[in-house]
Each structure stands twice: as C-alpha cells, then as structure tokens.
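A.B. asks: here are the coordinates; sequence isn't available:
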C-alpha cells in the first residue's frame, strides 16, 4: 500500500526563505522583490518594435519611387528656381510625356501577362509615318486614325499568332516584328523626314492647351484611368495578373491563357498606333528610326512601376509614377545643361535599377 506523502518540514530540500533581508522581522513575499516589468510586457514591447520596423519597411518599399520623384522636383526647383516650375516648363513636361504614358500603358498589358512587347516603339514609328503619307495624299484625318488603329491591331494579331499559336518567345517574336515594321517605315520615307501637309487640326490638338493644360494630356489621362479600372477592378485584369504569376495554375483554373495573352498584344498594338498618331501632331514631322527612342522609356516605366505602390508586380499606378519620375529627371538634367547622351544613359540606368529591384522584391514575396 502506498503511503501518503509526508508534510513535515524535516526533508532533504531547502525551501526558499520569504524573510526580509538583514534579519528583518517583516515578511515580504518573494514576488514583491522581483522587477516590476513582467515577461508579458517585455514580449509586447518586442512585438510593437517589430511591427514598427515592418510598417516602416513596407512604407519605404511601396513609396520609395514616389519619394524620389518628389525629391527630384524639390532639387530641380531649387537649382532652377526661375525655369523649372514655370507654366511653360510644366506644359512641356506634361505635353511631352503624354505619348510616353500611352506607350507605357501599351507595354504594361503584356508585362502583366508575363510577356514582352518590344514592337510597340516601332509600331508608334510606323503609325506616324503612315499618317503623314496618307495626309499628304489627301486622306481625311479621322480616316487616317482609323487606318493606323487597324494597322496596330494587325501587328498585335501577328505577334499573338507567333507567341500563342506557334509558341515563339515573345521577346524574339516582337523584336523580329519590330524590325520588319521599321523596314516598312524606311521604305515609306525613303530615309527622309516627312514634314509636308501634316494636318493642321492634328497639330493644333497635340500642341494646344486649355487653361494651361495640354490637350494631348486628356487622352493619356483617360486611358490611364481606364487601365487602372481594368487592371485592378475587372475579371480581365485579375485574369492577366494570374496568368503572369502562374500560367500553369491559371490553366488548371480554367483560364484560356492563349486568348488572354493574345489580347494584350492586340491592345498594345492599337495603343502604340494611337501614340504614333498623336506624336506626329506633337512634333509636326515623321521619320524612320524613332522607335527605339520610345521603346526603352516605356519598358523602363513598366519595370520601375513594379517597385512602387503595389511592389513585386506590374501595376498601372506605379507605371504612372515611373513615367513622372523619368520625365522630371530628364527635364531637370536638360535644364542644367546635360549633354545629349544623358537621356539614354538615364533611361538605361533606371531600367537596370528597376529590373534589379523588382527581382529582389519578387524573391522577398516568395
């Protein structure tokens, strides 16, 4: 039979004394002499500090590009106080980069679907050339717009066929298409700059202002808002994003990948053609060879936009911020007497930085 445990104090273990030190007769519980800060309070403090660090890191990663753009505005406003923030210069920035914003949106859709469209700059080039040739032959301006938009859609359809049907890499396919389109531009211009009989109505629209706001900015802003709604609040936009993130999972979920991806190239071709039509009116001339000058900033804006607002993925708001940053940076450098080669250097450097940062953010997201 088990014996009950003995409760006498004559055992081999020493019980802690609760007597006050120095032989005091006052009894004080041991817990009253412990530090006032409890383990739970220390844990809560650590959690709060960690939460603050996470919040700060998130804020910096999401809005770093916005902060850089604001910083550039402040710096150039101080360095060029008499010119940078003038109405004329702001009109130049807004009007001069409206076409760049439209072309950046054209390149953004394929990027959302995980593809590239390197033909958009050359489509812009051909659109301007074709419009100039048609106008010189007496074709009405609205009809020239319709013709070049259809032409852009056809270029997009050809890209879509090679990429979604034949399985050719979008990088190779669109680069080859861009080269073909550029060759057509060379044939139509014979290597000359087309300046005759550019429609005055197109020039007045592309170069005109209302209340200090460039008219050419209006279609750019309308398209920007439309693309934001499509990209963030429609099934089509979410489908493109899903395809870009995981084509296999999207296919298993019943998404028609070929149709979704192919549509982005058609829309990109149409937008690039519209951009070329507007660019003809903005500069009043057309020539072969201008495509690459527009392509790199458009692709740069897409990748730089993936590092801001919605980090780790391509998004419309980020692309708009990126276009603004590049526009402000180049304008400020030009006002300070930068050499002609600074713009391509700036575009290329920003592209490398944007691609590297986007890659790091994508890895962190995983």
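C.D. replies: Now that the structure is in, tell me what you want to look at. Just so we're clear, the structure is a prediction, and the values are computed from it rather than from any experiment.
A.B. asks: now residue 79, nearest residue through space, not along the chain?
C.D. replies: Leaving aside its chain neighbours, residue 79 sits nearest to residue 336 (6.3 Å; criterion: CB to CB, 6 or more residues apart in numbering). In short, each C-beta sits where N, CA and C put it, glycine included.
A.B. asks: again with residue 98
C.D. replies: residue 220 (4.0 Å).
A.B. asks: Which SSE is immediately downstream of the helix or strand that contains the one you found?
C.D. replies: For residue 220, the element it lies in under DSSP states H and E is helix 217-233. For helix 217-233, the following helix or strand on the C-terminal side (DSSP H and E) is helix 235-245.
A.B. asks: which element follows that next one toward the C-terminus?
C.D. replies: Following helix 235-245 toward the C-terminus (DSSP H and E): helix 247-252.
A.B. asks: next helix or strand past the worst-scoring helix or strand of the chain on mean pLDDT?
C.D. replies: When the helices and strands of the chain are scored by mean pLDDT, DSSP states H and E, helix 39-79 comes last with a mean of 71. Once the chain leaves helix 39-79, the next helix or strand it forms, by DSSP H and E, is helix 87-96.
A.B. asks: Mind jotting down where the helices sit in the stretch 151-300 of the chain?
C.D. replies: Using DSSP state H, counting those that start in this stretch, the helices assigned to the stretch 151-300 of the chain run over residues 170-189, 200-207, 217-233, 235-245, 247-252, 257-283, 291-305.
A.B. asks: How about residues contacting the fifth one?
C.D. replies: In other words, helix 247-252. 114, 239, 242-243, 257 (CB atoms under 8 Å, 6 or more residues apart in numbering).
A.B. asks: now swap in stretch 226-234 and tell me
C.D. replies: Identification of contacts with stretch 226-234 by CB under 8 Å, 6+ apart yields 105, 108-109, 112, 236-237, 240-241, 315-317.
A.B. asks: where does the protein have low pLDDT?
C.D. replies: Across the chain, the ranges flagged by pLDDT under 70 are 1-61, 358, 361-366.
A.B. asks: Give me the secondary structure label for the closest residue in space to residue 303 that isn't next to it in sequence.
C.D. replies: On the basis of CB to CB, 6+ apart, the spatially nearest residue to residue 303 that is not a chain neighbour turns out to be residue 354, at 4.0 Å. Three-state assignment for residue 354 (DSSP: H, G, I helix; E, B strand; the rest coil): helix.
A.B. asks: when you give positions from now on, start the count at 573
C.D. replies: Got it, the first residue is 573 from now on, which makes the last one we talked about residue 926.
A.B. asks: Quick one: neighbours of residue 926, just the number.
C.D. replies: Neighbour count of residue 926, defined by other CB atoms under 10 Å: 22.
A.B. asks: quick check: angle from the helix or strand residue 695 falls within to helix 829-855?
C.D. replies: Assessed by DSSP H and E, residue 695 sits inside helix 692-708. Helix 692-708 and helix 829-855 are oriented at 50 degrees to each other (axes from the mean of the first three to the mean of the last three CA atoms, to 10 degrees).
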